[in-house]
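Peer 1: Here you go, sequence then predicted model.
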Amino acid sequence: MKTITEDLLSSYLAARFPDWREVSASNLERLPLGASRETFRFDLAYADSAGEHRDRLILRRDPPASNVDSDRRHEYESYRAIHGHGIPVPRMILLEEDAEHFGGAISLAEDLRGYHNSEYQLQEPAWADRLPRIADELWSTMGSLAAVPCENLDLSFMKPATPETTAMQELDYWEGQMDANDVGPEPVIRAVIRWLRRNPPPPAQKLAMVHGDFRAGNFLYDDDAKLIAVLDWEMAHMGDPLEDLAWSMARVFSFGKDERRGGVAPREEAIRIWEQASGLTADPDALRWWELAMCVKGQAIWNSCAHAWSTVDDPTVIHAYAAWWLRNAQDRAALELMGKL
Amino acid sequence: MKPAVPAATRFLAGKLRDDIVPHLTGFRQGNAAMTAAMLDMLADEWDVAASRLHGENAALYALVGKCAAFLGENAPAPLDQSDLRISALTATNEALRAQLIDLHAAIEENEATDLDAEIWAFLRGTVESRRVASANF
């Protein structure tokens, strides 16, 4: 994989923006974020006819093999689609899809520094009294996303869906990912898939822009537990907003290793906040269907981590770690939801 | 091997976590911390993996045979666990699990509730026996 350097960035940006002078990228640092994309931060200085500028930027690069089947344009367009519609997100700056420049497509976005995104920090005693605020921010923002009318957003780059088709469309997709990234027989998850097909949920109450990975660890928050920005939109799609709620409450993300979902709040509290903000109802049977479907999605992703690790020349630690750490826990979560634990 | 592999691996995980991780930042720190966690998982697995697979394979073989008999299908090939390498035991385990998936689907279609419950009990047992100490659930 091509090494991204400050010189490479400086020369690329100088060529991309001929009006810029004295272009200088500095303090380039790779961040420990996520398993699916490479994330870097850097400082940019340049001058143009308006004067001198200094920006702080985030660079995301598509790797040769990822555990998530998405690309730079999809995430870039997702951020742009939701920007300005009441959900705080970083501003997108640039998309470069020609892999010739950096060894893979890249996007640049504003870097909102000075905030936290760690789901583990929230488990420290010092944060205990701020968790109710985090819970409110997390699930009310998710509810607000569910409430945004799809027709107000430009989602033309996304796969079409309807309230009637979205559930099976998602199940088909994630079962396909299980097949494509097979790392061994999955008797628990295959039984779950059969149950999901025998027991389809009612049509979605509405179509919404579903984030796809909305959980503790994928948003920035400040010292007062205020949510600053929602990150990681690479799995965004049109669908049933219950999907985001179900994913956020997945047992594998119970970082406190207790009943608090996301390591933040009990399940009932998460649902209450989400319902109030979205104006929707989380029908228990429909929500359970989506929670089980999210077990399929989760296992498909963890298996993709194991598959990616074993199929690339330069594997990353997080792919092996995630597969070891999560696959059996995902089975256990599925057993619980099936009433078999 | 002396010192014993689990003890040595756990020691190495601790040294990595306590002596090296704090001196790193960003991506490298994350990688080192995850490596330490993986060493701890290795320490947990080292001593029990072969025994667990061997026992699980015997139970799985019996269950697959019982399901096949109920459905009037051929009995599985005789179980050979003479090769005790984890890779060999895992290959046997995966072959039996693949058969179980097909048989479980057929058992569901036949509404054979007792066998269905037996399969779920087996799956619960195997998942519980594979729990990762550091997992969230």
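Peer 2: That came in fine, so what should we check first?
Peer 1: So what pairs up with A:Ser24 in the strands?
Peer 2: A:Ala45 (DSSP bridges).
Peer 1: Contacts only, for it.
Peer 2: With contact set as CB atoms under 8 Å, 6 or more residues apart in numbering or on different chains, A:Ser24 has these partners: A:6, A:10, A:44-46. In short, each C-beta sits where N, CA and C put it, glycine included.
Peer 1: Return the member of the residues you listed nearest to chain B.
Peer 2: A:Glu6 (15.5 Å; CB to the nearest CB).
Peer 1: hang on, isn't the closest one packed against A:Asp43?
Peer 2: No: with contact defined as CB atoms under 8 Å, A:Glu6 does not count as touching A:Asp43 (9.2 Å).
Peer 1: intersection of neighbour lists for the two?
Peer 2: Common neighbours of A:Glu6 and A:Asp43 (criterion: CB under 8 Å, 6+ apart): A:25-26.
Peer 1: tell me the pLDDT at residue 118?
Peer 2: You didn't pick a chain, so chain A it is. What the model reports for A:Ser118 is a pLDDT of 93.
Peer 1: if you could check chain B rather than the one you did, that'd help
Peer 2: Looking at B:Glu118, the pLDDT reads 98.
Peer 1: Figure out the helix or strand that it lives in.
Peer 2: helix B:113-129 (DSSP states H and E).
Peer 1: Any part of that helix near chain A?
Peer 2: Yes: Helix B:113-129 comes into contact with chain A (CB under 8 Å from any CB of the partner chain), by way of B:119-120, B:123-124, B:127-128.
Peer 1: Please see if stretch A:243-258 touches chain B.
Peer 2: Yes: counting by CB under 8 Å from any CB, contacts between stretch A:243-258 and chain B involve A:251-255, A:257.
Peer 1: Give me the nearest residue to the residue in chain B positioned nearest to chain A, chain neighbours excluded.
Peer 2: Nearest residue of chain B to chain A (CB to the nearest CB) works out as B:Gly30 at 3.0 Å. Of all residues not flanking B:Gly30 in the chain, A:Pro32 sits nearest, at 3.0 Å (CB to CB, 6 or more residues apart in numbering or on different chains).
Peer 1: Walk me through the domains of chain B.
Peer 2: B:5-46, B:49-129 (automatic domain parsing).
Peer 1: What residue in chain B is the furthest from its centre?
Peer 2: B:His23 (34.6 Å; CA atoms, centre = their mean).
Peer 1: same deal with chain A?
Peer 2: Largest separation from the mean C-alpha position in chain A: A:Ser49, at 37.9 Å (CA atoms, centre = their mean).
Peer 1: What are the contacting residues of stretch B:33-48?
Peer 2: Here stretch B:33-48 makes contact (CB under 8 Å, 6+ apart) with A:317-318, A:320-321, A:324-325, B:5-7, B:9-10, B:12-14, B:16-17, B:21, B:132-134.
Peer 1: near chain B, which residues of chain A show up?
Peer 2: Within chain A, the residues that sit near chain B (CB under 8 Å from any CB) are A:29-32, A:184-188, A:190-191, A:194, A:251-255, A:257, A:316-318, A:320-321, A:324-326, A:328-329, A:331-333, A:335-336, A:338, A:340-341.
Peer 1: And the buried ones among the residues you listed, selectable in PyMOL?
Peer 2: To isolate the buried members of the residues of chain A next to chain B in PyMOL, using 16 or more other CB atoms under 10 Å in any protein chain shown:
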select buried, chain A and resi 30+31+32+185+186+187+188+190+191+251+252+253+254+255+316+317+318+320+321+324+325+326+328+329+331+332+333+335+338+340+341
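Peer 1: So which of the residues of chain A next to chain B are in strands?
Peer 2: Per DSSP state E, strands hold the following members of the residues of chain A next to chain B: A:29-30.
Peer 1: rewinding a little: assess the claim that the residue nearest to B:Gly30 and B:Leu24 are in contact.
Peer 2: No: judged on CB under 8 Å, A:Pro32 makes no contact with B:Leu24 at a distance of 9.9 Å.
Peer 1: Let me know how buried the closest residue in space to A:Lys2 that isn't next to it in sequence is, in neighbour terms.
Peer 2: Excluding the flanking residues, the one nearest A:Lys2 by CB to CB, 6+ apart is A:Gly103, at 2.9 Å. When neighbours are defined as other CB atoms under 10 Å in any protein chain shown, A:Gly103 has 17 of them.
Peer 1: Check A:Ser140 too.
Peer 2: A:Ser140: 16 surrounding residues under other CB under 10 Å.
Peer 1: Can you give me the distance of it to chain B?
Peer 2: As judged by CB to the nearest CB, to the nearest Å, A:Ser140 and chain B stand 24 Å apart.
Peer 1: how far does stretch A:292-306 sit from the chain's center?
Peer 2: Relative to its chain's centre, stretch A:292-306 lies at 14 Å (CA atoms, centre = their mean, to the nearest Å).
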